[in-house]
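Asks: no sequence on hand, only this structure:
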Ligand SMILES: NC(=O)C1=CN([C@@H]2O[C@H](COP(=O)(O)OP(=O)(O)OC[C@H]3O[C@@H](n4cnc5c(N)ncnc54)[C@H](O)[C@@H]3O)[C@@H](O)[C@H]2O)C=CC1
Ligand SMILES: O=C([O-])CC(=O)C(=O)O
């Protein structure tokens, strides 16, 4: 499974607990569905649900990769019965659910805002909510898919049209903003984070996230500058994570450049919006994809990088250019020296 951030784990645990508190069904053992269960959020979230002893039945639904995730999660030694469902199994996954959590959809890449996801995720959420309205209309709904500020209203209107809307049962998951505000406030003021509370109101995007540090406890007087910085960091917390995760994409790009896999290089560059002209697209030793492709004689990758504007002579930490790391004469060396 991919590993979740600690803050994200806290967020989902709290959201799920709220979901249960507002749940319609009574008695032990709730049926929970995670839609988008095979994704970066879906997998650790599914694990948390499997570890929650209020859950007796856990439906893991995704359009791809569900069998592996369901097998993995089902091995956890807790009582919830796990079943994986692929794209044809949505109705069955939802039937009788008390709580449905939706992390399905595309995530941001560096440079994108959450609103940039609207075109794709609005349709995904609407389709899933229609199925919920049909197969488990009484369930509590937690929406994680971004932009939460828009996907929640879409869910509300979808259920309203179907005549099954209950305002007590739909929640956009924004707990992560509270988690971040508490962490940053405690860090800045040298407080034990377990004693800290910071209310956050508003939405889940940029300036719509409003941490109320004036209401935080324990109370600490902070300068206007510190207050502004904490507010901004809380509002930009998601962007901080999205950007940090792009580092992994660069590492993958460097690997596929070194093995001459042009198809995967292009896929990663496109998916993550990586800028191969940017000097920061490199590893710790400042080796660029061109350094690695040249060193391994990956002609097609070298040619493609050069044709797409990569600098010909960047120097790595050891002051070597791609031509210099290419040992001996070869087509790659000739290509580099002619540019
Ligand atoms: N509200 C919040 O605090 C947070 C929200 N998010 C949002 O959660 C969403 C998911 O993020 P990640 O898990 O990182 O993305 P991901 O790409 O790793 O996973 C998304 C999953 O959704 C699945 N999917 C796509 N269309 C589907 C459909 N029609 N039905 C069922 N599954 C479908 C994909 O197959 C994939 O497994 C994004 O929109 C992201 O912005 C992410 C972090 C925090
Ligand atoms: O920022 C994003 O795209 C994901 C998210 O909602 C968060 O981490 O708060």
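Replies: Okay, I see it. What you see is a predicted model, and the numbers here were worked out from it, not measured in a lab. Ligands and ions are numbered 1, 2, ... in the order given.

Asks: was I right about residue 94 contacting residue 130?
Replies: No. Applying Cβ atoms under 8 Å as the test, residue 94 and residue 130 come out as separate, 10.8 Å apart. (Glycine included, C-beta is placed from N, CA and C.)

Asks: buried by neighbour count: which residues of stretch 62-81 qualify?
Replies: By 16 or more other Cβ atoms under 10 Å, the buried positions in stretch 62-81 come out as 62, 65-66, 69-70, 72-74, 80.

Asks: same question, stretch 164-180
Replies: Residues 164-165, 169-180 are the ones in stretch 164-180 that count as buried (16+ other Cβ under 10 Å).

Asks: got those as TSV, with pLDDT and distance to ligand 1 columns?
Replies: Shown next, in TSV, are the buried residues of stretch 164-180 (pLDDT from 0 to 100; distance: Cβ to the nearest ligand atom, whole Å):
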residue	pLDDT	distance to ligand 1
164	98	20
165	98	21
169	97	17
170	97	14
171	96	10
172	97	7
173	97	5
174	96	6
175	94	7
176	96	4
177	98	8
178	98	10
179	97	9
180	98	10
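
Asks: including secondary structure, could these go into TSV?
Replies: Compiled in TSV, these are given as follows (DSSP: H, G, I helix; E, B strand; the rest coil):
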residue	secondary structure
164	coil
165	coil
169	helix
170	strand
171	strand
172	strand
173	coil
174	coil
175	helix
176	helix
177	helix
178	helix
179	helix
180	helix
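
Asks: among the residues you listed, which are in reach of ligand 2?
Replies: residue 176 (Cβ under 6 Å from any ligand atom).

Asks: the host helix or strand of residue 46 packs against which elements?
Replies: Secondary structure from DSSP states H and E places residue 46 in helix 42-50. Under the contact criterion of 3 or more Cβ pairs under 8 Å, 6 or more residues apart in numbering; DSSP states H and E, helix 42-50 touches helix 6-21, strand 30-35, strand 55-61, helix 66-74.

Asks: comparing those, which gets the lowest mean pLDDT score?
Replies: Note on the helices and strands packed on helix 42-50: helix 6-21 shows the lowest mean pLDDT, a mean of 53.

Asks: related to what we said a few turns ago, okay if I get the buried residues of stretch 164-180 as TSV plus distance to residue 102?
Replies: Below are the buried residues of stretch 164-180 laid out as TSV (distance: Cβ to Cβ, whole Å):
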residue	distance to residue 102
164	16
165	16
169	13
170	11
171	11
172	10
173	9
174	14
175	15
176	15
177	18
178	20
179	19
180	21
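
Asks: sticking with the residue in the chain positioned nearest to ligand 2, tell me its helix or strand.
Replies: Residue nearest to ligand 2 within the chain: residue 238 (2.1 Å; Cβ to the nearest ligand atom). Assigning secondary structure by DSSP H and E places residue 238 in helix 237-258.

Asks: what residues of that helix count as buried?
Replies: Applying 16+ other Cβ under 10 Å to helix 237-258 flags 237-239, 241-242, 245-246, 249-250, 252-258 as buried.

Asks: do the same with stretch 124-144
Replies: Within stretch 124-144, the residues scored as buried using 16+ other Cβ under 10 Å are 124-125, 128-133, 135-137, 139-144.

Asks: same question, stretch 214-225
Replies: Going by neighbour count (16+ other Cβ under 10 Å), the buried part of stretch 214-225 is 216, 222.
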